[in-house]
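> Provide a 3D model corresponding to the input given below.
(chains A and B)
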There are 2 protein chains.
Amino acid sequence: MSKKEVTLGIDIGGTNTKLGLVDRQGASIITDSIKTYAQEPADHFVPRLAEACFALINKVSDQVEVLAVGVGVPNGNYYHGTVEDAPNLRWGKYVPLAQMIQDAINLPVALTNDANAAAIGEKKFGVAKDFDDFVVITLGTGLGSGIYVNGSLVYGHDGFAGELGHTTVFLDGRDCPTARKGSLETYVSATGIKRTVFELLAKRIEPSVLRDYSYNMLEAKHITEAALDGDPIAIEAFDYTGRILGLKLSDAIAHTSPEAFILFGGLANAGDLILNPTKKYMEEYNLGIYKNKVKVLLSDLKGDNTAVLGASALAWDEYEKKLKK
Amino acid sequence: MSKKEVTLGIDIGGTNTKLGLVDRQGASIITDSIKTYAQEPADHFVPRLAEACFALINKVSDQVEVLAVGVGVPNGNYYHGTVEDAPNLRWGKYVPLAQMIQDAINLPVALTNDANAAAIGEKKFGVAKDFDDFVVITLGTGLGSGIYVNGSLVYGHDGFAGELGHTTVFLDGRDCPTARKGSLETYVSATGIKRTVFELLAKRIEPSVLRDYSYNMLEAKHITEAALDGDPIAIEAFDYTGRILGLKLSDAIAHTSPEAFILFGGLANAGDLILNPTKKYMEEYNLGIYKNKVKVLLSDLKGDNTAVLGASALAWDEYEKKLKK
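Next up, the predicted model:
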């Protein structure tokens, strides 16, 4: 029997690195996870990663053939295969990660940033299959994005297009680790909604279960649970988060006029709590010519390894491009 | 002797409509202009336009062969050849203008919005010849834009991409005729800088020649002249205009990461007065990965008919696309 063709997807986060083998239809064959240890230099990380890759592949090597590798990583640059100045990885200004992984595991490696990988995953395996113009918004600790125009991911002249989390909402607004004050991700992200809750706890006088949490204890899922229980502070926090996201989606429409936005990641799990205000305010802010034609959807990729699916989709895209040549 | 091949470019504005014949190298052969009479319906306008086209072509019909027509018009839709709800033209919600002109003058007609036409002109004949990823900003009564990604103009799923003038700077900021309060064009345009001057005349106590103008009398060129003479209010108005433009160019970089911005139109004639603060603030607001690599340039298309060049460039592009098929 011939072996099943798969690609290896690797998603590198500040805390964990996930890896998995994925077939051409987006079915996950097997996955694993290692600690990233982001404080260590990249040349300590790569051998550990390679070891985990070999272990994973060996478990199913009688059934699969691994064709290519895709990597999603913060501040990953597709053109150069580098990771440049990633805020959550202490790897320094410039690491040639794709080449390092390629040398370690002897398979072709393509690399892009994590939100771009998510967008490629949605196009190949997810809800964006039939869209040529769309934007994926990843709502995690920060806010990432990947933009498709005419059926292709937009990389820009330098490989760094699609960083909507770093556009400005309020000049001189909330502090941001990147020094981009008042940026979208300081309002719309797991961290952003927590900051909004704390502002509202100070501003409002209603009782709220959220008054029992310290800033360090409070997580987005607590806010979601409170909102589902009817907590007024939590509900207002989602409304405000949706207002700011709606405003900036409306701005994004005025750039590339996508057919749809797809929300992906932790905060997107709040479902209608985030979706409804986002849609409402987006339409309110939209210019007349854009009204009532842009969809806002939730990712339908299931499971804990959706970021691995995205990285694997990148590998499939690159593999298929090479076949065409 | 064989006739010179040309296309006919038509630029429709709220006041004047300009037309001209342009050769493959972007040289203008002959131009003319008619009043638009924007209050009249489109089916009064088209016969007058057709008459002017025939008169223009007849003057040089022994020397040129007209291959195609390009039209730049506010709210023009490339996909449908329509003009939809243009604020400065009382033509209503939907006019099939390309087909109407084609029927009247019996030549193939392509149509897009005026700022997209300007971008196509810069790519074909202007300073953007060597760029695949760039954004043209037109600074007239309002602010228009045309975005190139991977060597192609971005139209978006509905043909209306690239309306940066309608992105938000300040939530609930200056009133805007489009109901998009606090939009970029209410700050950065010939009208926007005039509004800034009036704010500054109220806020500051310095003497200024601009204190002798009524709101209705004041034009952008008066502000430019005053700034060149060292008038502090005028200089501060340019600084503020450049600050807001720099902020929003920085946001636009986070969308499509262009290699360059090209400023075009009335306010761009102020040269360094607008260019220097725009560059300075754009770099100040730029995220680290984008710093010191994006150019801000002035259009080098000369003369009064640069918008006609853009419309003609669209016609050339369409003609050449058809030849390739």
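> Now do residue A:172 against residue A:183, distance only.
11 Å (Cβ to Cβ, to the nearest Å). (Each C-beta comes from the backbone N, C-alpha and C, glycine too.)
> More neighbours: which of these two?
residue A:183 (32 against 8; other Cβ atoms under 10 Å in any protein chain shown).
> residues contacting the more buried one?
Contact analysis of residue A:183 by Cβ atoms under 8 Å, 6 or more residues apart in numbering or on different chains lists A:165, A:166, A:167, A:168, A:169, A:173, A:174, A:176.
> shouldn't the third one be in contact with residue A:186?
Same thing as residue A:167. No. Contact between residue A:167 and residue A:186 fails when scored by Cβ atoms under 8 Å: they sit 11.1 Å apart.
> Now do the shared contacts for those two.
By Cβ under 8 Å, 6+ apart, no residue touches both residue A:167 and residue A:186.
> Return the distance of the nearest residue to residue A:191 once chain neighbours are set aside relative to chain B.
Among residues not flanking residue A:191 along the chain, residue A:141 sits closest, at 5.8 Å (Cβ to Cβ, 6 or more residues apart in numbering or on different chains). To chain B, residue A:141 is 17 Å away according to Cβ to the nearest Cβ, to the nearest Å.
> Now residue A:141: phi and psi?
Main-chain torsions, residue A:141, degrees, to the nearest 10: phi -50, psi -40.
> Now for chain A, the helix or strand with the poorest mean pLDDT.
helix A:306-324 (a mean of 92; mean pLDDT, DSSP states H and E).
> and it, anywhere near chain B?
No. Counting by Cβ under 8 Å from any Cβ of the partner chain, chain B is not contacted by helix A:306-324; separation bottoms out at 14.4 Å.
> Would you mind pulling up the elements that that helix packs against?
Applying 3 or more Cβ pairs under 8 Å, 6 or more residues apart in numbering or on different chains; DSSP states H and E, one finds that helix A:306-324 makes contact with strand A:4-12, strand A:16-23, strand A:28-35, strand A:64-72, strand A:109-112, helix A:114-125.
> TSV for the ones you listed, including distance to residue B:267?
Converted to TSV, those look like this (distance: least, Cβ to Cβ, whole Å):
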stretch	distance to residue B:267
strand A:4-12	45
strand A:16-23	50
strand A:28-35	54
strand A:64-72	42
strand A:109-112	38
helix A:114-125	35
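> Any idea which of these gets closest to residue A:244?
Proximity to residue A:244 (Cβ to Cβ) singles out helix A:114-125 among these, at 18.1 Å.
> In its sheet, which strands sit next to the very next helix or strand once past that closest one, and in what direction?
As assigned by DSSP states H and E, the chain's next helix or strand after helix A:114-125 is strand A:134-139. Strand pairing for strand A:134-139, determined by DSSP bridges: strand A:143-149 (antiparallel), strand A:260-264 (parallel).
> For the longest one, give me every contacting residue.
With contact meaning Cβ under 8 Å, 6+ apart, strand A:143-149 is reached by A:113-120, A:123, A:128, A:131-138, A:153-154, A:161-165, A:184-185, A:188-189, A:192, A:252, A:256, A:258, B:149-150, B:154, B:156, B:255-256.
> quick check: angle from it to strand A:64-72?
Counting by axes from the mean of the first three to the mean of the last three Cα atoms, to 10 degrees, strand A:143-149 lies at 110 degrees to strand A:64-72.
> ditto for the shortest one
Computed by the same axes, to 10 degrees, the angle separating strand A:260-264 from strand A:64-72 equals 100 degrees.
> Let me know the average pLDDT across strand A:260-264.
Across strand A:260-264, pLDDT averages out at 96.
> quick one on the thing from earlier: are any of the contacts of strand A:143-149 buried, and which?
Neighbour counting over the contacts of strand A:143-149 (16 or more other Cβ atoms under 10 Å in any protein chain shown) leaves A:113-120, A:123, A:128, A:131, A:133-138, A:153-154, A:161-165, A:184-185, A:188-189, A:192, A:252, A:256, A:258, B:149, B:154, B:156, B:255-256 as the buried ones.
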